[in-house]
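Colleague: Give me a 3D structure for the following:
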Amino acid sequence: MNKKNAPSPAGKNAASLPERKTSPAPETKTSPVSEGNAFPLPEEKALTPKARRQIPRAPMPEQEPQARSRNFEEVNLGLNVLDAVTEASRCIACAKPRCVVDCPVGVKIKEVVALIRKGDFLGAAAKLREDNSLPAITGRVCPQEKQCEGGCILGQKGAPVAIGNLERFVADYERQSGQLGLPPNAPSTGKSVAIVGSGPAGLSAAGDLVQKGHRVRVFEALHEVGGVLVYGIPEFRLPKSIVKSEVDNLRRMGVEFETNVVVGKSVTIDELMRDEHYDAVFVATGAGLPQFLNVPGEHLNGVYSANEFLTRVNLMRAYQADEYDEPLYDCRGKDVIVVGGGNTAMDAVRTARRLGAKTATLVYRRSEVEMPARAEEVKHARQEGIEFRLLTNPIEFIGDEKGCLTGARCVRMELSEPDASGRRRPVEIKGSEFLLPADVVIIGVGTTANPLVQGSTPGLKTTPRNYIVADPETLRTSKRGVFAGGDIVTGGATVILAMGAGRKAAASIHEFLTTGEWEKAGDME
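Modeller: Model (predicted):
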């Protein structure tokens, strides 16, 4: 971003924004929501709810564990047409579907599944996009078992409808068909919105806002659009081509993207509003500042944060070692330990395995019951030969005279009785110390807020931990015209929860741009 060469805007509206170079939207065929898109299937036989309940859940085809543990190709291969239609036929079409209530972005799941059952896959994809601008992504990484599928009534006595697998199926079918059912945009409002961060919250907000007729530009600090979707999630779970495809769809809708812009350094929030005349700003920077254990030896060569490790693998292409220079410590033939029990830790340890680690061990201070990672990821990790050291905690990292890591001194833990919140706290077992050999240790115990935007924006209230304070209903901050949502407000959460925040922010921003009203009952003081 070259501020000195940016032309001066003539007035405070969308047409007056500086015309920077943005990559054009790829061409594609578009199609009506459902007309002419139905897959030719036999007419569905009438099935009673009881008969639907007796249909077994369609399994997701997967790569064989031994093969996939040495490559970065996608583990889950996707449903075929017959399996997708059969799976959709399991839905009993509840009068009050809990799956919709439990979806953070409010997808009309009952209607989507009905369209799949009829073979109208493009219609189903278009219906999905009414509420979810990134269906091929959420179909892969959303923890459906805790949300939409967790609300499915079939799950009370058996397996819920595989909503996530169906979502992925229709999104992939749409992409492969080349017929994109994008929702129409409203006429231009003449208003402009800057979105800081191109992760799931920012992309979700951008899709909703551009549909409402606003001009939207997304600023990304790194050189690729997608935020945590491209730097934090490995290729074998979420291929970069899928993220690129969804971003390209947003470009086709009219969203503009600008990379290599570090808001807070390259430009400030105040400058975006005062000098570049944006009418509103949505801060969706996530919480990407890694946390460490604060134990002796974390300075040793070979100790990484999971964020740095995954970023080097994903954005610097360490997973394509034959084509790119190795941008991190060589894991081949080495003992690798990953500390943590969440999805990020699981991604890191499975990545180390694929990079050729001799041993890849997950160290977690609680039991598997408390492990926050998705059950599917835990299952896949075990199948791939990951060793689990549960109820174990590192207390020191050991190195040689050259400052290189050689091992991790650990202690065994036990869980206390549940406290008032019901959570069982891990307690060290005295005299249980032991040494694990380690050439590489990756710390994946969580993240916190990067202070760059907050520190450069006067009047923006933050919490003691430097998260941005925003009204939970409107996502308005203490600064007029500035909204914030996702991990930068709540702390680390899931992709779909961040997308839900993005949708909520978009609705609130649209209301503000339409009415001009800021102060409301219930807003922050």
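Colleague: hey, let's count contacts and neighbours off CA atoms from now on
Modeller: OK.
Colleague: now do the same end-to-end measure for stretch 358-368.
Modeller: Here the two ends of stretch 358-368 are set 23 Å apart, with distance taken as Cα to Cα, to the nearest Å.
Colleague: Repeat that for stretch 270-278.
Modeller: End-to-end distance for stretch 270-278, by Cα to Cα: 10 Å.
Colleague: One more: stretch 470-489?
Modeller: Start-to-end span of stretch 470-489 (Cα to Cα) is 7 Å.
Colleague: and it, which residues are buried?
Modeller: 470-472, 474-478, 480-489 (16 or more other Cα atoms under 10 Å).
Colleague: Stretch 263-274 too?
Modeller: Residues of stretch 263-274 classed as buried by neighbour count (16+ other Cα under 10 Å): 263-264, 267-270, 272-273.
Colleague: Output the longest strand belonging to this protein.
Modeller: strand 405-415 (DSSP state E).
Colleague: Just say helix, strand or coil for Ala373.
Modeller: Taken by DSSP: H, G, I helix; E, B strand; the rest coil, the conformation at Ala373 corresponds to coil.
Colleague: Surely it is in contact with Gly341?
Modeller: Yes - under the contact definition of Cα atoms under 8 Å, Ala373 touches Gly341, with a separation of 6.1 Å.
Colleague: Between these two, which has more neighbouring residues?
Modeller: In this comparison of Ala373 against Gly341, neighbours counted by other Cα atoms under 10 Å, the higher total goes to Gly341 at 26 against 18.
Colleague: could you say which helix or strand contains that one?
Modeller: Remark: Gly341 resides in no helix or strand, with elements defined by DSSP states H and E.
Colleague: Might one say that it is in contact with Ala375?
Modeller: No - with contacts defined as Cα under 8 Å, Gly341 does not count as touching Ala375, sitting 11.3 Å away.
Colleague: Show me what the helix or strand harbouring Asn307 is packed up against.
Modeller: When secondary structure is defined using DSSP H and E, the element that contains Asn307 is helix 306-314. Contacting helix 306-314 under the criterion 3 or more Cα pairs under 8 Å, 6 or more residues apart in numbering; DSSP states H and E are the following elements: helix 228-231, helix 343-354, strand 440-443.
Colleague: Give me the mean pLDDT for that helix.
Modeller: Along helix 306-314, the predicted confidence averages to a pLDDT of 91.
Colleague: Just the CA trace of that helix, in CSV.
Modeller: Written as CSV, here are the backbone C-alpha positions of helix 306-314 (Å, rounded to 0.1, in the frame of the first residue of the first chain):
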residue,chain,number,x,y,z
ALA,A,306,2.5,-23.5,16.8
ASN,A,307,1.5,-20.3,14.9
GLU,A,308,5.0,-19.8,13.6
PHE,A,309,5.5,-23.5,12.7
LEU,A,310,2.2,-23.7,10.8
THR,A,311,2.7,-20.4,9.1
ARG,A,312,6.1,-21.5,7.9
VAL,A,313,4.7,-24.7,6.7
ASN,A,314,1.5,-23.3,5.0
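Colleague: Next, the angle strand 405-415 makes with the very next helix or strand once past that helix.
Modeller: Downstream of helix 306-314, the next assigned helix or strand under DSSP H and E is strand 335-339. Our comparison of strand 335-339 with strand 405-415, counting by axes from the mean of the first three to the mean of the last three Cα atoms, to 10 degrees, yields an angle of 40 degrees.
Colleague: residue ranges with poor pLDDT in the chain?
Modeller: Applying pLDDT under 70 to the chain flags the ranges 1-45, 319-322, 324-327, 520-525.
Colleague: What is the lengthiest helix in it packed up against?
Modeller: Residue-count comparison of every helix in the chain, with assignments taken from DSSP state H, identifies helix 495-515 as the longest. Under the contact criterion of 3+ Cα pairs under 8 Å, 6+ apart, the helices and strands touching helix 495-515 comprise helix 135-141, helix 200-211, strand 280-283, strand 482-484.
Colleague: follow-up on the earlier one: can you tell me what sits against the next helix or strand after the longest strand of the chain?
Modeller: Counting by DSSP H and E, the element after strand 405-415 in chain order, helix or strand, is strand 426-428. Applying Cα atoms under 8 Å, 6 or more residues apart in numbering, the contact partners of strand 426-428 are 365-366, 391, 411-416.
Colleague: Columns neighbour count on top of those residues, output as TSV?
Modeller: As requested, these are exported to TSV (neighbours: other Cα atoms under 10 Å):
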residue	neighbour count
Arg365	25
Arg366	23
Leu391	20
Val411	21
Arg412	21
Met413	21
Glu414	17
Leu415	16
Ser416	12
